[in-house]
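Peer 1: Build me a structure from this.
(one chain, ligands or ions: 1)
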Amino acid sequence: MLVLWNGQLLPRTEVQVDLEDRAYQFGDGVYEVIRVYGGQLFLLNPHLDRLVRSARAIRLDLPWSPSQLANQLRELVAANRLVDGAVYLQVSRGVAPRAHAFPRASQPVLVAYPLPASRPTEAQERGVRATFVEDIRWLRCDIKSLNLLANVLAKETAVERGAQEAILHRGETVTEGSASNVFIVQGRVLRTHPANHLILDGITRRFVLDLAAREGISTVEAPFTREDLLNADEAFFTSTTQEIVPIVEVDGHSIGVGVPGPITRKLLRAFHAAVQATIQQEV
Ligand code: PSZ
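Peer 2: The predicted structure is shown next:
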């Protein structure tokens, strides 16, 4: 495997992660996961725009322009002959003697490498179980920061309960998943939490909202409660690698009739068609 490390492509064993990299000690950095279909970086520009926003929000100056990053990532994909998978990209504030305050002089460290990913076909067809977990994160969940401890703890709680995903809630309000955005269908309306400081504005979230509009499905970005979710006709979560996954049960309560619903299935078909169209466009 070749790894992109500050503009160079190196074998994994030659990448030297420093003991005092601030990502390692403080989680002081930002990241992205980008899906690759047919050798193409899917929705690359929105991911790079979000990386720039996340970096700015933590006052980290990126020394690379989005178009330079795009070129480097395309080289990474080509060098690894990556066809179907994902790319993980992180930028840390760099290496400096351990101290909380920003170092006077440090160069950001960028690392990117391929991750395996494949469409979760069975989960998409059958749906999955989810569980409620209190959202104990900080109040800047819009930043895709390397600090994922609360997300990790929530996901582990889900695993312990035999659920695929943790649905986070602040009090009664559902925010998002531990590593996904959450949608419900109420009648003919698709609803998801607004993109504010309480959630990550998922690239897949935005893509699905746009797909829904094109499919003639009404959408509303408004908070909803745990009870709204339990009473919804359909529910699903979205993420870069999971695409759209129907939620058919939450803590033992069936959602709708307990199988993936018609609007969710329509969106899944539209999503898969959009992916297919992107792959074919570039060939
Ligand atoms: O492989 C995986 O399971 C992935 S790849 C990306 C994610 C999970 N999750 C991103 C994410 C997230 O961490 C939180 C807290 N909320 C929403 C999302 C969805 O964001 P996008 O759609 O940009 O991946």
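Peer 1: how close does residue 168 get to residue 115?
Peer 2: Going from residue 168 to residue 115 by CB to CB, to the nearest Å gives 23 Å. To be clear about C-beta, it is placed using only N, CA and C from the backbone, and glycine gets the same treatment.
Peer 1: Kindly report the residues of the stretch 1-150 of the chain close to the ligand.
Peer 2: Taking CB under 6 Å from any ligand atom as the contact definition, the stretch 1-150 of the chain meets the ligand at residue 33.
Peer 1: what ranges do the helices span in the stretch 1-150 of the chain?
Peer 2: Secondary structure of the stretch 1-150 of the chain by DSSP state H, counting those that start in this stretch: the helices cover 22-26, 44-57, 66-79, 121-126, 149-160.
Peer 1: show me the residues around the nearest residue to residue 7 once chain neighbours are set aside that make contact.
Peer 2: Once flanking residues are discounted, residue 7 sits nearest to residue 72: 6.5 Å by CB to CB, 6 or more residues apart in numbering. When contacts are counted by CB atoms under 8 Å, 6 or more residues apart in numbering, residue 72 is found next to 4, 7, 64, 112.
Peer 1: Tell me which residues touch the second one, please.
Peer 2: Taking CB under 8 Å, 6+ apart, we find residue 7 in contact with 64, 72, 110.
Peer 1: Now tabulate those in CSV and tack on distance to residue 34.
Peer 2: As requested, these are exported to CSV (distance: CB to CB, whole Å):
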residue, distance to residue 34
64, 15
72, 12
110, 14
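Peer 1: now, which of the residues you listed sits nearest the ligand?
Peer 2: residue 110 (18.3 Å; CB to the nearest ligand atom).
Peer 1: Tell me where the stretch 151-283 of the chain is predicted with low confidence.
Peer 2: By pLDDT under 70, the weakly predicted segments of the stretch 151-283 of the chain are 282-283.
Peer 1: which other helices and strands contact the lengthiest helix in the chain?
Peer 2: Longest helix in the chain, counting residues (DSSP state H): helix 262-282. Secondary-structure packing of helix 262-282 (3 or more CB pairs under 8 Å, 6 or more residues apart in numbering; DSSP states H and E): strand 29-37, strand 40-41, helix 203-214, strand 234-239, strand 243-250.
Peer 1: can you pull the buried residues of it?
Peer 2: For helix 262-282, a neighbour-count test (16 or more other CB atoms under 10 Å) marks 263, 264, 265, 267, 268, 270, 271, 274, 275, 279 as buried.
Peer 1: between the residues you listed, which is nearest the ligand?
Peer 2: residue 271 (11.7 Å).
Peer 1: Can you get me a residue count around the closest residue to the ligand within the stretch 1-150 of the chain?
Peer 2: Closest residue of the stretch 1-150 of the chain to the ligand, CB to the nearest ligand atom: residue 33 (3.9 Å). Neighbour count of residue 33, defined by other CB atoms under 10 Å: 18.
Peer 1: can you check residue 29 too?
Peer 2: By other CB under 10 Å, 26 other residues sit near residue 29.
Peer 1: If we ignore the residues flanking it in sequence, what's nearest it?
Peer 2: Per CB to CB, 6+ apart, closest to residue 29 is residue 92, 3.6 Å.
Peer 1: can you pull up the bridge partners for the one you found?
Peer 2: Bridge pairing for residue 92 (DSSP bridges) gives the partners residue 29, residue 109.
Peer 1: Now that it has come up, it's in contact with residue 31, right?
Peer 2: No - here residue 92 lies out of contact with residue 31, judged by CB atoms under 8 Å, at a distance of 9.3 Å.
Peer 1: Spit out the residues that contact these two alike.
Peer 2: Shared contacts of residue 92 and residue 31, defined by CB under 8 Å, 6+ apart, are found at residue 146.
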